[in-house]
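Chemist: Quick one, fold the following:
(2 chains)
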Amino acid sequence: MTRCIPLSTGKPWFWSFAAAFGAWGLLVLFLNGRGAEEAITAALAFAAFFVIVGLGQMMVITLGPGNIDLSIPAVITLSGCVAMRVMNGQDAAILPGVLAALACGVAVGGFNNLLIHLLRMPPIIATLSSSFLVQSAAISYGRGLQVQPPQALQDFATSRLYGIPINAIFAVLLAATVGVMLTRTVYGRSVLAVGQNARAAWLAGVHVGLVRCVTYVLCALFASVCGVLLAGFSGGASLDMGQEYLLASIAVVVIGGSSVAGGRANVPGIWGASLFLFLLVSMLNTLGLGAGIRLTLTGLIIIAVITLAGGETSQR
Amino acid sequence: MFQSAILSQSVFRAALPAVTLILLLATIFTLQPRAMSVFGINLMLNLAVPIALATMAQLFIIAINDLDLSIGSFVGLVACIGATWLNDSPLLGVAALAACVLAYACLGALIHIRRLPSIVVTLGMSFVWLGLAVMLLPTPGGASPTWLRQLMSFRAPYVPVPIVASIIIAAAVHYGLMRTSYGTILRGFGGNPQAMRRSGWSMLRATMTMYALAGLFGVLAGLALLGISTSADANIALRYTLLSIAGAILGGCEFVGGRVSPVGTVLGVLTLALAGSALTFLRISPDWQVGAQGAILIVVLALRAAVARKES
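Modeler: Next up is the predicted model:
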């Protein structure tokens, strides 16, 4: 334990990639050495969705204690449904559909910020209650929805460039953008500053309210991007398509080495943790275990990884 | 002047959950006068008791500035244990339920010792509870022990039993947490952990106590739910996680500072439980039931914020 502390504080993302590599190694072992490459391709394709929502959640969590976005699953579902409805299976309507879905994301993000800022609601409750509203809207709007995604969107979401899934490339670019934004731009530096000490940041002239607003809107926007891609990838929208992304978005942030107390973000860790999460589940699947054991082991392994890698050093 | 402002604000905070509930009840009774009977209230609030117990479990966790995102799947697991082991071999069932409470206490110890974020640990545990429940009861089924079914379907002549049960739950937790000396110390750890540690109280012990209490109330919630629904399913109570957080906040609890209110919380739960019925009477599609709960949360917290701003 004493040995890994300096390592983990020096490169907090190291452990998430180590865990992902370990899960991949076991997976290949269980497959008797076959399908090692396919496993990586599939992991890249599926982990991309975790990465997209994880990046948004990471920025929100980085804003400091108490900041978290629980509305991500609802936004994914709503924007997936809206996109499918507007596109109505027509290639020509892809652009309006995407724009409508993104507009939903921006609207929900703005609404979240309104609740937090004007009504001074704790972010957990603000995003929780707006997710209740959004969820109902999605149920009401998506009732009887059985629209296939347009062929062009489906082709795009499942296409590959040099053998790499296109959505993985998109997620890498998005992660790089967020990484540069956090370290090189005024906005990104402000997010970190607010997360470390909101009052000090305010005294130093950072526009705390604006920074928070932009962050919540970006988080919801990423969730809606994920919703559209997911609907295109999996052949349509469904009312429970966002469900698993609540745990996933929070878990990848924490396993990836970002500080839950805020002020410290870690972009590469998001990728490592997302790959780990997907490979872990597929590893347990290959073992042919029952659903119950699989769920239990997933939970226990996530907690074990967090216990080993995470753990805040005393701050108060 | 300052003192009276603080006083009136705290009175308002305490009264708000009750006023919300009364307004909602008045709306329902105006729309459908026949609901204003013991039978009607029993029917509308039938499912409020397990939710109230689960919300109390959440309240214990919130009181020490943590959050439990696994209570819903935990309640589901308890219902599954009740419908299988507790029914077939009571001794094994009781042992399993005791182990559940113990697991909760250990969870508290882990979170405290390793300084882990409770949100993440409990989110992971929600998978564990759900997985165990699925292993125990892969398909919906099982049967509630007869005594439990009889207990939960007990109906008194002139008083609605769910209301009486809610009062008992609120009174018990209020006494234990707000009136006893150790209850005050436990809440103190939510207010200022450093000060409590320095005055010689063990934070580890307090955290474990609170988590064990949460586990205990989670067990009670699961059994109550099983008694009402008479059979179990692993997914039966997943909604309780978010509902319990909403109920606690609606009842005037705060996420930080150990500021909790058991009585207000029970009122908040009753309000959320009635939201669904109100929609039916208003002829709004059940699609919007969850949305209505969200809207109530927003309105109540908006009122609270408005008053707080005026007072300051």
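Chemist: where does the stretch 201-316 of chain A have low pLDDT?
Modeler: Applying pLDDT under 70 to the stretch 201-316 of chain A flags the ranges A:309-316.
Chemist: please redo it, this time with the cut-off set to 80
Modeler: Applying pLDDT under 80 to the stretch 201-316 of chain A flags the ranges A:308-316.
Chemist: would you list every one of the strands in it?
Modeler: Counting by DSSP state E, counting those that start in this stretch, one finds no strands in the stretch 201-316 of chain A.
Chemist: hey, where'd the helices end up in it?
Modeler: A:208-233, A:245-255, A:267-286, A:291-309 (DSSP state H, counting those that start in this stretch).
Chemist: out of those, which comes closest to chain B?
Modeler: helix A:291-309 (3.1 Å; C-beta to the nearest C-beta). C-beta coordinates here come from the backbone N, C-alpha and C atoms, glycine included.
Chemist: Could you confirm whether the closest one reaches chain B?
Modeler: Yes - counting by C-beta under 8 Å from any C-beta of the partner chain, chain B has neighbours in helix A:291-309: A:291-300, A:302-303, A:306-307.
Chemist: what does the stretch 151-300 of chain B have sitting close to chain A?
Modeler: For the stretch 151-300 of chain B, the contact set with chain A under C-beta under 8 Å from any C-beta comprises B:193-194, B:242, B:245-246, B:249, B:254-256, B:285, B:287-295, B:297-298.
Chemist: The stretch 1-150 of chain B too?
Modeler: Selection of the stretch 1-150 of chain B residues close to chain A by C-beta under 8 Å from any C-beta yields B:67, B:110, B:114-117, B:119-121, B:123-136, B:138.
Chemist: let's see 6 Å
Modeler: Within the stretch 1-150 of chain B, the positions near chain A by C-beta under 6 Å from any C-beta of the partner chain are B:114-115, B:117, B:120-121, B:123-124, B:127-128, B:130-132, B:134-135.
Chemist: quick one, what contacts residue 117?
Modeler: Going with chain A. A:Gly209 (C-beta atoms under 6 Å, 6 or more residues apart in numbering or on different chains).
Chemist: ah, I was thinking of chain B
Modeler: A:Val260.
Chemist: tell me the phi and psi of it?
Modeler: B:Pro117 adopts backbone torsions of phi -70, psi 120, taken as degrees, to the nearest 10.
Chemist: Also B:Trp201?
Modeler: With angles defined as degrees, to the nearest 10, B:Trp201 sits at phi -90, psi 150.
Chemist: of the residues of helix A:291-309 next to chain B, closest to B:Ala143?
Modeler: Relative to B:Ala143, the closest of these is A:Gly292; by C-beta to C-beta it sits at 20.0 Å.
Chemist: hang on, that closest one packs against B:Val134?
Modeler: Yes - using C-beta atoms under 6 Å, A:Gly292 makes contact with B:Val134 at a distance of 3.6 Å.
Chemist: So for the two, which residues contact both of them?
Modeler: Residues touching both A:Gly292 and B:Val134 (C-beta under 6 Å, 6+ apart): there are none.
Chemist: And these two? Which one has more around it.
Modeler: B:Val134 (24 against 18; other C-beta atoms under 10 Å in any protein chain shown).
Chemist: any idea which helix or strand carries the more buried one?
Modeler: Following DSSP states H and E, one finds B:Val134 within helix B:118-136.
Chemist: In terms of secondary structure, what does that helix contact?
Modeler: Applying 3 or more C-beta pairs under 6 Å, 6 or more residues apart in numbering or on different chains; DSSP states H and E, one finds that helix B:118-136 contacts helix A:291-309, helix B:71-83.
Chemist: repeat that with 10 Å
Modeler: Here helix B:118-136 touches helix A:245-255, helix A:291-309, helix B:71-83, helix B:90-113, helix B:203-229, helix B:240-250, going by 3 or more C-beta pairs under 10 Å, 6 or more residues apart in numbering or on different chains; DSSP states H and E.
Chemist: returning to that earlier point: please type out the ChimeraX selection for whichever of the residues of helix A:291-309 next to chain B turn out to be buried.
Modeler: If you want just the buried ones from those in ChimeraX, going by 16 or more other C-beta atoms under 10 Å in any protein chain shown, the selection is:
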select /A:292,294,295,296,297,298,299,302,303,306,307
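Chemist: which one among the residues of helix A:291-309 next to chain B gets closest to B:Gly142?
Modeler: Of these, the one sitting nearest to B:Gly142 (C-beta to C-beta) turns out to be A:Gly292, at 14.7 Å.
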